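Participant: build the 3D model from these lines:
(one chain, ligands or ions: 1)
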Amino acid sequence: MSAPSGTGKTTLVERLVARVPDLVRSRSYTSRPARPGEVDGVDYNFIERSRFRQMIDENAFLEWADVFGHFYGTAAADTEREQAAGRDVVLVIDVQGARVLGRRGVAATRIFVLPPSRAALEARLRGRSAGNEDEAILRRRLETARREMAASADYDYVVVNDDVDDCVDCLRSIVLAERARAEAMRATASDIAATFGA
Ligand code: 5GP
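Facilitator: Numbers count the residues shown, from 1 in each chain. Presented below is the predicted three-dimensional model:
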């Protein structure tokens with residue numbers, strides 16, 4: 001899942017994973033310092049830049065990207081562990097990361113979340129930063145949002161986060177529909193067919 005910064009994706013994903021069984025959010029690694037209220041090991045795994053570089057060298061990332069001058073990445077071992085346990089994993093990553101997954105042929109359903117409008121996004125960003133980030137950073141985030149939104153056409157699904165409940169309903173429908181794809185249901189279908197005998 002990708003969405004411009006401030007679109008509300010953290011809330012959406014929290015609610016989505018609470019409503020869908022066997023669905024978990026991946027916890028990214030980042031070299032960005034924690035914002036007030038963020039907890040290491042909960043919101044992100046906050047690590048030093050040097051440690052991040054080391055993990056790149058160790059090929060530890062399924063994908064990683066430099067966003068706003070900080071590194072962000074998904075550890076391959078984390079998603080592998082969840083998938084081996086039969087769970088689907090939601091990666092909340094930027095458009096560069098989503099492209100890397102595509103290039104690497106990683107099986108993924110790509111969802112882009114749009115804010116309802118530029119004004120709504122700006123209001124959210126201002127509310128969240130509460131004076132912690134300066135105007136220049138805000139401008140840069142809005143400009144990045146404008147550019148990122150052009151990438152939404154490359155995704156499998158596009159949803160608008162106007163009403164949070166409606167948006168979560170829509171995301172849940174997407175996950176359930178993807179799980180019901182004939183391809184994904186092959187083993188179940190053959191198990192059921194087996195109960196009919198030869
Ligand atoms: P923030 O600093 O606001 O939490 O996140 C900034 C951007 O980094 C967001 O677009 C977010 O989706 C993206 N991001 C967070 N984790 C990852 C990750 O593991 N990989 C990539 N490629 N982007 C990430």
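
Participant: make it CA atoms for all contacts and neighbour counts henceforth
Facilitator: Noted.

Participant: so the most centrally placed residue in the chain, which state does it fall into?
Facilitator: In the chain, the C-alpha nearest the mean C-alpha coordinate belongs to V92, at 1.4 Å (C-alpha atoms, centre = their mean). Following DSSP: H, G, I helix; E, B strand; the rest coil, we place V92 in the coil state.

Participant: so who does it touch?
Facilitator: 1-2, 9, 25-26 (C-alpha atoms under 8 Å, 6 or more residues apart in numbering).

Participant: buried only: go through the residues you listed for me.
Facilitator: Buried members of those, counted by 16 or more other C-alpha atoms under 10 Å: 1-2, 9, 25-26.

Participant: tell me the one of those nearest F68?
Facilitator: S2 (15.2 Å; C-alpha to C-alpha).

Participant: my read: the closest one touches P115, true?
Facilitator: No. In this structure, S2 is not within contact of P115 by C-alpha atoms under 8 Å, at 11.5 Å.

Participant: re the thing from before, so which of the buried ones among the contacts of V92 also contact the ligand?
Facilitator: Filtering these for proximity to the ligand by C-alpha under 6 Å from any ligand atom leaves S2.

Participant: which of the buried ones among the contacts of V92 lies closest to the ligand?
Facilitator: Closest approach between those and the ligand, by C-alpha to the nearest ligand atom: S2, at 5.7 Å.

Participant: just list whatever residues bridge to the spatially closest residue to that closest one that is not a sequence neighbour.
Facilitator: Closest residue to S2 apart from its sequence neighbours, by C-alpha to C-alpha, 6 or more residues apart in numbering: F112 at 4.9 Å. As for beta bridges, F112 partners with S2, V158 under DSSP bridges.

Participant: same deal with F61?
Facilitator: With DSSP bridges as the criterion, F61 is bridged to A75.

Participant: list the contacts for it?
Facilitator: Shown in contact with F61 (C-alpha under 8 Å, 6+ apart): 55, 73-76.

Participant: again, only this time at 10 Å
Facilitator: Shown in contact with F61 (C-alpha atoms under 10 Å, 6 or more residues apart in numbering): 28-29, 52, 55, 72-78.

Participant: which among the residues you listed count as buried?
Facilitator: The neighbour-count criterion (16+ other C-alpha under 10 Å) marks 28-29, 52, 72-75, 78 among the contacts of F61 as buried.

Participant: let's see which of those end up in strands.
Facilitator: Secondary structure assignment by DSSP state E places 29, 72-75 of the buried ones among the contacts of F61 in strands.
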